[in-house]
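Enquirer: Could you look at this predicted model? Sequence included:
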Amino acid sequence: MLTNPTEIEAKWQERWYAAKINEADRDDRKKFMMIFAYPGVTGYLHVGHMRGFSYVDDMSRYMRMQGYNVMFPVGTHATGNGPISLAKRVAAKDENMISYLLRNGCPEKKLEDLTDPVKVVEFFNDVYVRQYWRRFGFLADWRRFACTVHEPYGKFIQWQFRKLMDAGLLIQKPYFAPACINCGPVAIDASETDISCGGNAETTEYTLIKFKCGDLTLLAATLRPETVFGLTNFWINPEVEYVKVVNGDEIWVMSRPCLDKMKYQKDKLKEVGSIAGTELIGRTCIAPFTGNEILCLPATFCDPNVGTGLVMSVPSDAPDDWVALRMVQEDEEQCRRYGLDLDAVKAIRPIAIIETKGWGPMPAVEIVERMGITRSGDPKLVEAKKIVYKEGFHAGKMNANCGKYSNLPVDKAKDMMKDDMIRANEADLFFDLSEKVVCRCGEPVVIKKVDDQWFIDYANPEVTAKSKAHAKRMNIMPNEYFVNVHGVLDWFRERACVRQGNWLGTRFPFDEKWIIEAISDSTLYPIFYTISPYVNDGSLKAEQMTTEFFDYVFLGQGVAEHVAKRTGLDEELVQRIKQDVDYWYPLDLNLGGKEHMTVHFPAFLMNHVAILPEEKWPQGIFVNWYVISKAGKISKSKGGAQPIPGAAEKYGVDALRLYYAHIASPFADVEWDEDILENYVSKIDRIMRTVEELSALAESEAMEGIDLWMLSRMGGHVSNVVEGMKGYDLRTLANVTYFDIPNDMKWYLRRGGSNGAVMAKVLNMWVRMMAPITPHVAEEMWEHIGGNGLVAQAKFPTADPADRSLEAEIAEDYLRGLMDDVNEILKVTKITPKRVLVYTTSSWKAKAMSMALGLLRTGELKTPTLTKAMMSDADIKKHGKEAPDFARKLAEDLVKRSKDEVSRLEVQFDELAFMSSVAPFLSKELNCEVQAFSAEDAARTDPQNKARTAQPRRPAIFVE
RNA sequence: GCGAGGGUAGCCAAGCCUGGUCAAAGGCGACAGACUCAAGAUCUGUUCCUGCAGAGGUUCGCCGGUUCAAAUCCGGCCCUUCGCACCA
């Protein structure tokens, strides 16, 4: 038997792939199709990704052993700008990128190729397949490989979008999205694939409120348009030079950084000059709604980079405003400098507008007081603002000062007032990012308006309702997600599905200027794997993948003969493809990381429901959690994670696979820890040695109790695993196979088990149980014990009912219980035993027990009934002193027992005979003389009269 | 903000849906013993507190409730992790 994991892996992978057992073709078996959500091509993957991937191989191997014809295809998702930006960075000789590539094993001479995005994709496709999936021994059908940027896949996506259009699910409307001013649309996310900083930024919607000031319109950007009723003044930063911008017949005033951003959102802005902040201070402007004239006052907290750089002042509810107002009112010198009317300034009072439970009428005044804030720029203001905003917005309602909005909850009033003001041309919208975002190219990212953006209408009520109903029938794991997915489907709304710019992906079939974006082209794709072998072997060409072709093979619409004629394909081939599709589809299980719960899975589900007939809707979803590093999520972009081939070499593939399956429930994150890996490595070592040792046992000696026990236990283990695997519970499979069974083996040997025939049977079952999770070492052991063919193709074991021996299991439990008790006595008394005497129950107690069990069965077991029954028995009545007490204990004890325990008590078990047979074993274990007696044996040795405490299934013990 | 998950002994982690077999699986780690010249590996035992007889006591984030009985069911609170759309 080989022992080096790398050699074992190479040996068996070669045999599997040579025998093509990974290739799935239609036959007359029942089928099972499962995938993992294909990874994006963004660079090297790390050991964390292999967790979910290996689950799919584990499960598909298990299903194969259960007799299913299993299809496990793989592919990659290269849509987007990941490969482009990688290529750009290589071309720019970016040192971080180069060293990252080399560190992960990219050959130096390959670097030149990687300046081409298409070659980047092909390079990583090869890395993923060879260095990750094949390296891990996956029985994936490589012939079915698909990549989203290959032309035939694009044909499929275009067909999908035509179907969405037919179903009325493609709609067009304006959209505001983050974009680099240079490269076009970018994704803003924590992993910062497209950008070099600002991954946590969010898009903020400001309401621009217009304040007439002579012929100028001052624009205040606010998050709280509902507070206009509380306006007391306007803030201008005296140190800022504002710009004047013509928009229609208005002249807008804003800061320059604001104009730079707004240009991307409004078409006809024309800069016509500038005006100093100081020039505006002291003027009055007209507040919308109220029509009040308010004064422009100086405030340095107006940041030209935030919003418009102009701020409307609501001192009742905005702490910044209140602090600034007080400062202005107290600084008479400044008022004089700006020529302000001192009395008018001093007369400004906050106007209460919102009632919030637990707060007075002026929350801002209150909190500034409470936190002791006196100056603008005090860092505590950030916190103050947060508190007031949160409380007011969610718990407050508009007060009597607010006209027709009085009494409305603040969050409702906000939207109504915003809409009303926009309609009345008193306001507009402006989008900005909550923090600075810079593209990978170095240019800033802004929010850009797109006028004719296409969306997939996931809010469509019919598709949503059908999807929700179908989700109820699906096998969705974990259960929490099964429950939650309905909420997600409800919340799912229109989703922008195409984008412009320099992107890899499929052209939008209705307008070639668009490219279908990354999430929208990866929803229906599992069905593509049913036809991909024909694509990959050249018998189906991209130009033959017409609408009619897809309509026929996927939807069963049209006639094969026509499709054949129009595409030039053989009619027989067209029919064969359709039969393949009908055989394999629907998808049985789609496994993906938890990040897919609110993005991919709902879209996956709804596209199937919207496009395919009901019998092709997916059957299952499995969500897995991550492997994280101590610092947090192991991230592709941040590095630091163990490269996959290195880990495979270091620990062995099977140890890694076992680690993933066993370390925790799939529905919890785990922390990557090298020390723990070592434990799994030695676990596998030990198991291999155990198998080697046990397989050498001599053939057929007489069958003993311990042999019956071993076989019985094995059957129980198999049943538990098979039951668990109905819910794809790999952890139970792992725990039983790699931990419980070895522990049983240990006990078997310790008890002197040595039956070669029994062990041959047990090992044969055990090795097959190891085949799904640690397939390489399982093959090696399978070969060693003389198993038939490849274990990967063997049947998963089933429990043989004839092997079940409750009595044998009871006996060993009895023995272990006894040993525990003896150990406890030895521990407490600190005796080194010279002699241990054991007394089994007296027959009257055994009789009482069976009476009690009888009463329990009929539901009559109570202390008085049992006592009465016992006293009417002559044998028991002789022990009239002890009996009532025993009856009470028995009755109290038995009602608490589970069904399983009770049924064990009902099994006949000769305690004395068993004790006599295990006395030699105990004697060896305890290293002293051991004798067993019946408690009723008049000739027994019993120096302390312990025998009287013996009970059924609980012998009395004497130690000296 | 919206939504979801988690808090179990020194650590990791099952159990919770379906209450009683739960002082709570398993694994690490630690301690002791066996084996060994020794170390490692392996095996055995111990590992909440108390206890010179197999027992008792106090535990499963906190508070309260339901129940004969709660880690498990219900309510509230505290802490924590995660997802939230052009990133797959």
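Expert: Looks like it arrived, so ask away.

Enquirer: correct me, but A:N607 touches A:L524?
Expert: Yes. With contact defined as CB atoms under 8 Å, A:N607 reaches A:L524; the gap is 4.6 Å. Quick note: C-beta positions are derived from backbone N, CA and C, even for glycine.

Enquirer: Show me whatever sits in contact with both of those two.
Expert: Shared contacts of A:N607 and A:L524, defined by CB atoms under 8 Å, 6 or more residues apart in numbering, comprise A:Q160.

Enquirer: how about the helices of the stretch 251-400 of chain A, start to end?
Expert: Shown for the stretch 251-400 of chain A, the helices assigned by DSSP state H, counting those that start in this stretch span residues A:256-262, A:277-280, A:319-330, A:332-337, A:342-347, A:363-371, A:380-395.

Enquirer: Check the stretch 701-850 of chain A too.
Expert: Under DSSP H, counting those that start in this stretch, the stretch 701-850 of chain A gives helices at A:705-725, A:730-735, A:741-750, A:756-770, A:775-784, A:806-829, A:843-857.

Enquirer: Can you tell me which of those is packed in deepest?
Expert: Ranked by mean neighbour count, these are led by helix A:775-784 with a mean of 25 (mean count of other CB atoms under 10 Å).

Enquirer: Nearest the middle, which residue of chain A would you pick?
Expert: Relative to the mean C-alpha position of chain A, the nearest C-alpha, by CA atoms, centre = their mean, is the one of A:K594, at 1.9 Å.

Enquirer: ok, now which ones touch it?
Expert: Contacts of A:K594 (CB under 8 Å, 6+ apart): A:623-626.

Enquirer: what does A:G214 give?
Expert: A:R283.

Enquirer: how close does it sit to RNA strand B?
Expert: Noted for A:G214: a distance of 39 Å to RNA strand B, by CB to the nearest atom of the strand, to the nearest Å.

Enquirer: Check that residue and give its pLDDT.
Expert: Per-residue pLDDT puts A:G214 at 89.

Enquirer: List the buried residues for stretch A:855-873?
Expert: A:855-856, A:861, A:865-867, A:869-870 (16 or more other CB atoms under 10 Å).

Enquirer: got the buried residues for the strand or helix carrying A:V121?
Expert: Assigned by DSSP states H and E, A:V121 falls within helix A:117-126. Using 16+ other CB under 10 Å as the test for burial, helix A:117-126 gives A:117, A:120-125.

Enquirer: Can you give the distance of it from its chain's centre?
Expert: Chain-centre distance of helix A:117-126: 27 Å, with CA atoms, centre = their mean, to the nearest Å.

Enquirer: ok and the residue in chain A nearest RNA strand B?
Expert: Nearest to RNA strand B, among the residues of chain A, is A:A187, at 1.4 Å (CB to the nearest atom of the strand).

Enquirer: of all the residues in the stretch 1-150 of chain A, which ones are close to RNA strand B?
Expert: A:37-40, A:42, A:77, A:79-80, A:82 (CB under 7 Å from any atom of the strand).

Enquirer: So which of those residues is surrounded by the most neighbours?
Expert: The most crowded member of these, judged by other CB atoms under 10 Å, is A:T79 (28 neighbours).

Enquirer: I'd say it and A:G505 touch.
Expert: Yes. With contacts counted by CB under 8 Å, A:T79 reaches A:G505, the gap being 4.2 Å.

Enquirer: Against A:W617, how distant is the residue lying closest to A:I527 once chain neighbours are set aside?
Expert: Excluding the flanking residues, the one nearest A:I527 by CB to CB, 6 or more residues apart in numbering is A:Y585, at 5.6 Å. As judged by CB to CB, to the nearest Å, A:Y585 and A:W617 stand 9 Å apart.

Enquirer: From A:F622, how far off is the residue nearest to the centre of chain A?
Expert: In terms of CB to CB, A:K594 sits 11 Å off from A:F622.

Enquirer: Next: A:Y748.
Expert: Distance from A:Y748 to A:F622, by CB to CB: 36 Å.

Enquirer: Point out the other helices and strands that the helix holding A:V121 packs with.
Expert: strand A:75-76, helix A:82-91 (3 or more CB pairs under 8 Å, 6 or more residues apart in numbering; DSSP states H and E).

Enquirer: just the ones you listed: most buried one?
Expert: strand A:75-76 (a mean of 24).

Enquirer: Partner strands of that strand, with direction?
Expert: strand A:146-147 (parallel) (DSSP bridges).

Enquirer: Is there proximity between the following helix or strand past the strand it pairs with and RNA strand B?
Expert: Toward the C-terminal end, the helix or strand that comes next after strand A:146-147 (DSSP H and E) is helix A:151-166. No. Judged by CB under 7 Å from any atom of the strand, helix A:151-166 and RNA strand B are separated, with a smallest distance of 12.6 Å.

Enquirer: What lies in contact with helix A:151-166?
Expert: A:146-148, A:170, A:456, A:497, A:505-510, A:516, A:521, A:523-525, A:528, A:532, A:535, A:540-542, A:545, A:547, A:550-551, A:607, A:610-611.

Enquirer: now A:L340, nearest residue through space, not along the chain?
Expert: That would be A:G282: by CB to CB, 6+ apart, it lies 5.4 Å from A:L340.

Enquirer: right, and the one you found touches A:L295 too?
Expert: Yes. Using CB under 8 Å, A:G282 is in contact with A:L295, at 7.4 Å.

Enquirer: which residues are common contacts for these two?
Expert: By CB under 8 Å, 6+ apart, the residues touching both A:G282 and A:L295 are A:L340.

Enquirer: If you count surrounding residues, which of the two has more?
Expert: In terms of neighbours (other CB under 10 Å), A:L295 is the more surrounded of A:G282 and A:L295; the figures are 20 against 17.

Enquirer: ok, the residue nearest to A:L340 - contacts?
Expert: A:295-296, A:338-340.

Enquirer: pLDDT at it, what is it?
Expert: 92.

Enquirer: now for the strand or helix carrying A:A469, which elements pack on it?
Expert: Here A:A469 sits within helix A:461-473, counting by DSSP H and E. With contacts taken as 3+ CB pairs under 8 Å, 6+ apart, helix A:461-473 sits against helix A:479-491, helix A:600-611.

Enquirer: next SSE after that helix?
Expert: Helix A:461-473 is succeeded, C-terminally, by strand A:475-477 (DSSP H and E).

Enquirer: right, is that next one up against RNA strand B?
Expert: No. Under the criterion of CB under 7 Å from any atom of the strand, RNA strand B is not reached by strand A:475-477; the shortest gap measures 11.5 Å.

Enquirer: other SSEs contacting that strand?
Expert: strand A:620-624.

Enquirer: Alpha carbons of the strand it packs on, as PDB, please.
Expert: Extracted as PDB, the C-alpha positions of strand A:620-624 are listed here (Å, rounded to 0.1, in the frame of the first residue of the first chain):
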ATOM      1  CA  GLY A 620     -32.200  22.200  -4.900                       C
ATOM      2  CA  ILE A 621     -29.900  24.900  -3.500                       C
ATOM      3  CA  PHE A 622     -27.100  24.400  -1.000                       C
ATOM      4  CA  VAL A 623     -25.400  27.400   0.600                       C
ATOM      5  CA  ASN A 624     -22.000  27.000   2.100                       C
END
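
Enquirer: Many thanks, I have nothing further to ask.
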